[in-house]
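Visitor: Sequence first, then the predicted structure, then my questions.
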Amino acid sequence: MSNQNLFELNQVAKRFTKGKETISIFQDLNMQIKDGDFLAIMGPSGSGKTTLLNLLGGVDQPTEGQITFDGQRIDNLSESQLAKWRANNIGFIFQFYNLMPMLNAARNVELPLLLTNLSRSERQKQVKIALELVGLSDRADHMPSEMSGGQQQRVAIARAVVSDPKFLLCDEPTGDLDRQTADEILQTLQLLNEKFGKTIVMVTHDPSAAKFAKQTVHLNKGEFVKAEELSA
Amino acid sequence: MKDLYLVYKNLTRKKMRLFLTTFAIFIAFLIFGAIMTLRGALNSGVEMSADNRLVVVHKTNFTNPLPYSYVNKTQAIEGVKQVTHANWFGGYYQEPANQVVTFAVEPESYLAVYPELVIEPEQRKAWLNNQASILVGERIALANGWKVGDRIPLSSNIFSHKEGGQTWDFVIEGIFRGAEQKTDTSYLLFHYKYFKETQSWGGDSIGWLILTTEDAAMNESVAKAIDNNFANSNAETDTSTEQAFNKAFIEQIGNIGLIIFGVVFMAFFTILIVVGNTMVLAIRERTAEIAVLKTLGFASIRIFKMVLIESCLLAFLGGLLGLGGAYLLIQGASENLARFLPNLVLDQNILLQALGYMLLLGLITGIAPAISALKLNIITAFNRG
């Protein structure tokens, strides 16, 4: 892990308006994520974990404050600029895999590469490497419905890394899996962090999953707290 | 191009829905192709009419005969270029069910008034020189397997032969083609003089006159002059342009335009609702998938285009199959209906119109779901899922 900050959140606020009521999720939130870190974010429901993930992933914008990624501000980008930024820099891993049911594993993994200028053969080569990395090269032609939950999540990981993004965002990646499969998935994430230098932020409810991360932060009511405070 | 595979997979993901929607569009374009072709066939006489050609018929009823003397009297009217005449023979070949449109005409003037009838010079000469011969339209010759030199018996359901019976023997001296594809070549022509000499009754009368004017701008004044000339006679006339005459003839069936519009409108309106509804449902089912694509970095406008391409592909798939069906239907029908509807042809104009409607159908049915995909908020979509 380097000392350089990949992400910086300065005085970030996020508020939602629901009818006449304004709900504040964060106020003056500050955070730094180092390049090469593997960070687990834990916290109870409603603590703001998913909102924070959305802000880091560029699918949501802060109401106030600045978010900087690799020295570039992303809080003031337009929707189309953010889409391009996400395609170039972020790999997403969801709790329920979110694979396209009508595409086989290889075609699912290929999706982010459709946003690049790579030729079909170059894309296929990249897909093959990504599937080999997650141990599913023999399942390239299988449809999601023909695979187990663990296999589907590995395809989702392959999809997240196929375009070689710097940063992986995982939203409860093992929430739908049994313990053994969850551990395999987490080991894969660990491998991606340690061997391939991916910076990973993972939201989880599961303390066992958080143990695979290099560090864990706890979020409660929009603020980072110590674990003891959370349990108290 | 890279997205086409994704569009294709989305389109074919529910086979039964694809089949039913395609079938509905297929039916709409089958109806469109067939009905527009029928309209074209009915209107071909109107479309192919010459600008400066007038038709003179008996004022009471166009089936009433006119005196032969009207030919020269009409020729003398100012602005008239060339006059010819025709008689309805009421012909059939071998059996009454095989009706054949046959006219007894004055050959030289008739060919002068109808320059769109193309004949080889030697065949023309042979027909003009042989009074007991017949000139056959290419289409009817093909339908019956007739060729130059064949002798054919032709019967009339109106007239009797002077020597007994109702059948005339003719030798085919020529086969005429049309200058254009839509020129009617599904009838026969024979000599008026021979007709008068060999029939047992009928006198020296003609069915109607056809004439050309010096200039189409003179049509109205010439028509008025002809009708005035024969006013208060035993056979008053009604003169109109060939186009108006043919149109009035067709409209005896009813207001073809309105009927066609009604049928096509109903077919398309129904399809619009069916396909539109299907597309809306299909895209709504994919809310989470669209949100995933957006999360991965697919721009909203790109997803908008993909939905529109999908709906257009669906419209073109069903539409082209429907047109193909209409083509086969028309091919089959044209052989059987050649005598009554000689120009039953699914032409280029209908094809282009159909392609335009397919595109329109695709865009209209795709626009609402495409906009909802465009506007879809990633967070809202995931929260809904």
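Guide: Alright, I've got the coordinates.

Visitor: Going along the chain, name the strands of chain B.
Guide: With strands called from DSSP state E, chain B shows them at B:53-58, B:66-67, B:80-88, B:91-92, B:99-105, B:117-118, B:133-137, B:151-156, B:167-178, B:187-191, B:205-206, B:208-213, B:237-241.

Visitor: want to throw those into TSV with mean neighbour count?
Guide: Any C-beta I mention is one placed from the backbone N, CA and C, and that applies to glycine too. Below are these laid out as TSV (neighbours: other CB atoms under 10 Å in any protein chain shown):
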stretch	mean neighbour count
strand B:53-58	22
strand B:66-67	20
strand B:80-88	20
strand B:91-92	22
strand B:99-105	21
strand B:117-118	18
strand B:133-137	26
strand B:151-156	17
strand B:167-178	20
strand B:187-191	23
strand B:205-206	20
strand B:208-213	24
strand B:237-241	21
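
Visitor: can you list these in TSV and add distance to chain A?
Guide: Below are those laid out as TSV (distance: least, CB to the nearest CB, whole Å):
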stretch	distance to chain A
strand B:53-58	62
strand B:66-67	74
strand B:80-88	65
strand B:91-92	62
strand B:99-105	58
strand B:117-118	55
strand B:133-137	56
strand B:151-156	64
strand B:167-178	52
strand B:187-191	58
strand B:205-206	73
strand B:208-213	65
strand B:237-241	61
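
Visitor: Any chance of JSON lines for those strands, columns mean pLDDT?
Guide: Below are the strands of chain B laid out as JSON lines (pLDDT from 0 to 100):
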{"stretch": "strand B:53-58", "mean pLDDT": "93"}
{"stretch": "strand B:66-67", "mean pLDDT": "93"}
{"stretch": "strand B:80-88", "mean pLDDT": "94"}
{"stretch": "strand B:91-92", "mean pLDDT": "90"}
{"stretch": "strand B:99-105", "mean pLDDT": "91"}
{"stretch": "strand B:117-118", "mean pLDDT": "94"}
{"stretch": "strand B:133-137", "mean pLDDT": "95"}
{"stretch": "strand B:151-156", "mean pLDDT": "93"}
{"stretch": "strand B:167-178", "mean pLDDT": "94"}
{"stretch": "strand B:187-191", "mean pLDDT": "94"}
{"stretch": "strand B:205-206", "mean pLDDT": "90"}
{"stretch": "strand B:208-213", "mean pLDDT": "94"}
{"stretch": "strand B:237-241", "mean pLDDT": "92"}
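
Visitor: quick one: which of those strands is nearest A:Glu132?
Guide: strand B:167-178 (69.3 Å; CB to CB).

Visitor: got the residues of chain A near chain B?
Guide: A:54, A:57, A:59-60, A:79-80, A:83-88, A:90, A:92, A:94, A:98, A:100-103, A:107, A:111-112, A:114-115, A:159 (CB under 8 Å from any CB of the partner chain).

Visitor: Please name the nearest non-neighbouring residue to the closest residue to chain A within chain B.
Guide: The minimum distance from chain B to chain A, using CB to the nearest CB, falls at B:Gly297 (2.6 Å). Nearest residue to B:Gly297, sequence neighbours excluded (CB to CB, 6 or more residues apart in numbering or on different chains): A:Ala87, at 2.6 Å.

Visitor: So what's the residue count around residue 144?
Guide: This is for chain A. 19 (other CB atoms under 10 Å in any protein chain shown).

Visitor: look at chain B instead
Guide: For B:Asn144, the neighbour count with other CB under 10 Å is 16.

Visitor: Name the nearest residue to it, sequence neighbours excluded.
Guide: Nearest to B:Asn144 is B:Tyr93, by CB to CB, 6+ apart, at 6.7 Å.

Visitor: Would you mind giving me the confidence score for that neighbour?
Guide: With respect to pLDDT, B:Tyr93 scores 91.

Visitor: pretty sure it is touching B:Val101, no?
Guide: No. The pair B:Tyr93 and B:Val101 does not pass the contact test of CB atoms under 8 Å, sitting 11.0 Å apart.

Visitor: Contact partners for residue 191?
Guide: Since you didn't name a chain, this refers to chain A. If you count contacts by CB atoms under 8 Å, 6 or more residues apart in numbering or on different chains, A:Leu191 has none.

Visitor: Chain B was what I was after
Guide: B:Ala104, B:Val105, B:Glu106, B:Pro107, B:Gln131, B:Ala132, B:Ser133.

Visitor: Closest to B:Ile303 out of the residues you listed?
Guide: B:Val105 (67.4 Å).

Visitor: Out of the strands of chain B, which is closest to A:Arg179?
Guide: strand B:167-178 (83.8 Å).

Visitor: Give me the distance between that closest one and the centre of its chain.
Guide: Its chain's average C-alpha position is 25 Å from that of strand B:167-178, according to CA atoms, centre = their mean, to the nearest Å.

Visitor: Stretch B:139-149 too?
Guide: The answer for stretch B:139-149 is 22 Å, by CA atoms, centre = their mean.

Visitor: Buried ones in that stretch, by neighbour count?
Guide: Within stretch B:139-149, the residues that count as buried by 16 or more other CB atoms under 10 Å in any protein chain shown are B:Arg139, B:Ile140, B:Ala141, B:Leu142, B:Ala143, B:Asn144, B:Trp146, B:Val148.

Visitor: Only C-alpha atoms, please: export it in CSV.
Guide: Extracted as CSV, the C-alpha positions of stretch B:139-149 are listed here (Å, rounded to 0.1, in the frame of the first residue of the first chain):
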residue,chain,number,x,y,z
ARG,B,139,-50.2,-10.7,-70.1
ILE,B,140,-53.3,-12.6,-71.3
ALA,B,141,-51.2,-14.4,-73.9
LEU,B,142,-48.8,-15.6,-71.2
ALA,B,143,-51.7,-16.7,-69.0
ASN,B,144,-53.2,-18.8,-71.8
GLY,B,145,-50.0,-19.9,-73.4
TRP,B,146,-50.9,-18.2,-76.7
LYS,B,147,-48.4,-17.2,-79.3
VAL,B,148,-48.4,-15.5,-82.7
GLY,B,149,-49.9,-17.8,-85.3
